[in-house]
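**Q** Here is my input, please return the structure:
(chains A and B)
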Amino acid sequence: MTSFTDVRRRVAYRAHGALRFLDDVQGGIADIEGAIAERQYDVAAFAAHYLAVACLSIRSLERAGEIAPCAGSVSFDVFEGLASEEITAGLALANEACSLDEQTAATWLNSFRLYVAETERLLGYDAPLLVLRSLNGPFVVIGMIRRWSALLDELNLPGLLPSSWVTSKQPPA
Amino acid sequence: MAQARMNETEGIRRLDAFLASRGASRATLLSSVTDVVDRPLLVVATGSILHGVGNERSDVDVNVIVERAVTRMPMVASIRDTLIDILLFGASEVAGWATAIRDQPWPPPSVAVEEWSRRKVALVNCTRFGYGFMLSAREGWESWRDEFRQPWVAMRVAEWWRIESIRLQIGARWLAKAKPLLSAHRLLESVFAELESRAALSGQFYFGSKWIFEKLRAVGDTRALAALRRVMRAPTTSQDAPDYAAQCEAVLEEFRGGWNDSSLAAQLWYLPGVSAHRVDTQTLVSRWYLRGIELPGRVPEIPTQPKPFWEGPLDAQPPAEVLALFTADMTWLAITRRTP
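**A** Numbers count the residues shown, from 1 in each chain, chains lettered A, B, ... in the order given. Just a heads-up that it's a prediction; the model follows:
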């Protein structure tokens, strides 16, 4: 059993945290693996930085983070509500990728995979989330929307439909 | 443009090798699209491999224009075990892209977040259509695509990243006192954006930010690579943030200097979901009623129709209550062109 005192925060974390994981994190591990396989260590370091920050933003959603960050928002606080030790642990792991080489890359990648997996486990689902980057990918998100939409509506929280999926018919300014 | 064309030749070679290793060809790739999209007007293979910076695990993306209006919901096809991401665009949506981007410098006098997103999507995909590999075209759409192979594209991409770098730097400075660690990380992103602008001017204008190192390496920009490596190890605590921020500011000074453009302004809009309530002498400001702040006195009124509520020169710090709204992530920061 898991008990909590703020139902809206809990639902925000589990629903939007899962979508953010699918959208921002899940495919990033494959990017890092591809970069390491071709010894593009700088590329791996860049991807690790973004992935660690994305994982922290998901964890922060459980405490005080923003549920629906605006694309490109400079003030979106990815660290909101997190303990300093937790922030340091995530960022330090990403920083280790700045000095990868053939000897260290595999061990580091394993540690980073575990960190990402723990971020996913904390979301509280019974099983690992389905893979977005797959033939059934769009249906994974649709399934997530179906699972949470009624409760999100009832709690007056933003829905899960990614803004990037919305039709855009107008020419750019 | 010479660099872009060189990338293109190399990209096609890499695409062919990538497909051949999976027992496929460009014809197979096209069939995988036409199996799920009826009578496309234009089909262009794109992605990091085509742009000369990807690796074996990279995706092949295919941008497709069709006659009807479409949503951005992703479509996926496959060649054996390899996934092909298909992104659909409606003809009416993209028809005006070239003139809108080529003839309208960025930023305009007012930039709501929707405008910012639309411009970014258009720029990302102009470069993808222009420098991807055209698999098929009909009814004159190859001419539409050719427009994105002109020199103005690189200029507009570089301009976008330059303004983004300034926007991130200004926001970081406003955050420095209240949230030093977040501020330092935004300054790192400002450095990324500035070097993206520099890479674009050298012909590397593919929009995948994770490839910035590869792009700088491809154009032999050793000075920018060295600067990027100096700041890549981001601070992990608020105590480390000020020294790190100074390093990023030094890199920005080295590659850009100040902003040197008095026609630009900073502009703030309330974000969706923000509400404000007066309680005695204070104002409670919330987003989605999930998180909030209490401020002494009043805050600028939330307009019924979206419009900016504060604007000032780039070097002006907003008044205290406005700054508090910004640092609490209740606002969208835009950079705009002041009207004379």
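**Q** where does chain B dip in pLDDT?
**A** Counting by pLDDT under 70, chain B shows low-confidence ranges at B:1-8, B:51-54, B:340.
**Q** Show me where it has its helices.
**A** Shown for chain B, the helices assigned by DSSP state H span residues B:2-20, B:26-34, B:91-94, B:97-103, B:113-131, B:141-146, B:152-175, B:180-201, B:212-218, B:222-231, B:241-255, B:320-327.
**Q** Now do the closest residue to B:Phe205 other than its chain neighbours against chain A, distance only.
**A** Distances taken as CB to CB, 6 or more residues apart in numbering or on different chains put B:Val157 closest to B:Phe205, at 4.1 Å, once the chain neighbours are dropped. Every C-beta, even on glycine, is put in place using the N, C-alpha and C of the backbone. B:Val157 sits at a distance of 13 Å from chain A (criterion: CB to the nearest CB, to the nearest Å).
**Q** Count the neighbours of B:Val157 for me.
**A** 25 (other CB atoms under 10 Å in any protein chain shown).
**Q** need the contact list for it.
**A** By CB atoms under 8 Å, 6 or more residues apart in numbering or on different chains, the contact list for B:Val157 reads B:123, B:127, B:197, B:200, B:205, B:207.
**Q** do the same with B:Asp85
**A** Contacts of B:Asp85 by CB under 8 Å, 6+ apart are B:59-62, B:74-76.
**Q** Likewise for B:Gln267?
**A** B:110-111, B:308, B:310-311, B:333-336.
**Q** cool, B:Val111 as well?
**A** Contacts of B:Val111 were listed using CB under 8 Å, 6+ apart, and they are A:173, B:267, B:334-336.
**Q** Save those as a markdown table, and put in distance to B:Val37 too.
**A** Shown next, in a markdown table, are those (distance: CB to CB, whole Å):
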| residue | distance to B:Val37 |
| --- | --- |
| A:Ala173 | 28 |
| B:Gln267 | 40 |
| B:Ala334 | 36 |
| B:Ile335 | 37 |
| B:Thr336 | 38 |
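**Q** Show me which of the contacts of B:Val157 is closest to chain A.
**A** B:Leu123 (8.0 Å; CB to the nearest CB).
**Q** Can you get me a residue count around the closest one?
**A** By the measure other CB under 10 Å, the count of residues near B:Leu123 is 23.
**Q** Only C-alpha atoms, please: export stretch B:282-299 in PDB.
**A** Output of stretch B:282-299 as PDB, limited to C-alpha atoms (Å, rounded to 0.1, in the frame of the first residue of the first chain):
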ATOM      1  CA  GLN B 282      -1.300  39.600  -0.400                       C
ATOM      2  CA  THR B 283      -1.900  37.900  -3.800                       C
ATOM      3  CA  LEU B 284      -1.900  34.100  -4.100                       C
ATOM      4  CA  VAL B 285      -0.700  33.100  -7.500                       C
ATOM      5  CA  SER B 286      -1.200  29.500  -8.600                       C
ATOM      6  CA  ARG B 287      -0.600  27.200 -11.600                       C
ATOM      7  CA  TRP B 288      -3.300  24.500 -12.000                       C
ATOM      8  CA  TYR B 289      -4.000  25.000  -8.300                       C
ATOM      9  CA  LEU B 290      -1.200  22.500  -7.800                       C
ATOM     10  CA  ARG B 291       1.600  24.800  -6.800                       C
ATOM     11  CA  GLY B 292       1.700  28.500  -6.000                       C
ATOM     12  CA  ILE B 293       3.300  31.500  -4.300                       C
ATOM     13  CA  GLU B 294       2.000  34.300  -2.100                       C
ATOM     14  CA  LEU B 295       3.300  37.800  -2.900                       C
ATOM     15  CA  PRO B 296       2.800  41.000  -0.900                       C
ATOM     16  CA  GLY B 297       0.700  43.500  -2.700                       C
ATOM     17  CA  ARG B 298      -0.700  43.100  -6.200                       C
ATOM     18  CA  VAL B 299       0.600  41.400  -9.400                       C
END
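**Q** mind listing what's buried in it?
**A** B:283, B:285-288, B:290-293, B:295, B:299 (16 or more other CB atoms under 10 Å in any protein chain shown).
**Q** Repeat that for stretch B:111-128.
**A** B:111-113, B:115-128.
**Q** can you give me the strands for chain A?
**A** Remark: strands of chain A are absent; assignment by DSSP state E.
**Q** Count the residues that sit near B:Arg338.
**A** There are 13 residues near B:Arg338, going by other CB under 10 Å.
**Q** Just give the closest residue to A:Val7, not the sequence neighbours.
**A** In space, A:Val7 is closest to A:Leu155, 7.0 Å off (CB to CB, 6+ apart).
**Q** isn't the one you found right up against A:Arg8?
**A** Yes. With contact defined as CB atoms under 8 Å, A:Leu155 counts as touching A:Arg8 (5.0 Å).
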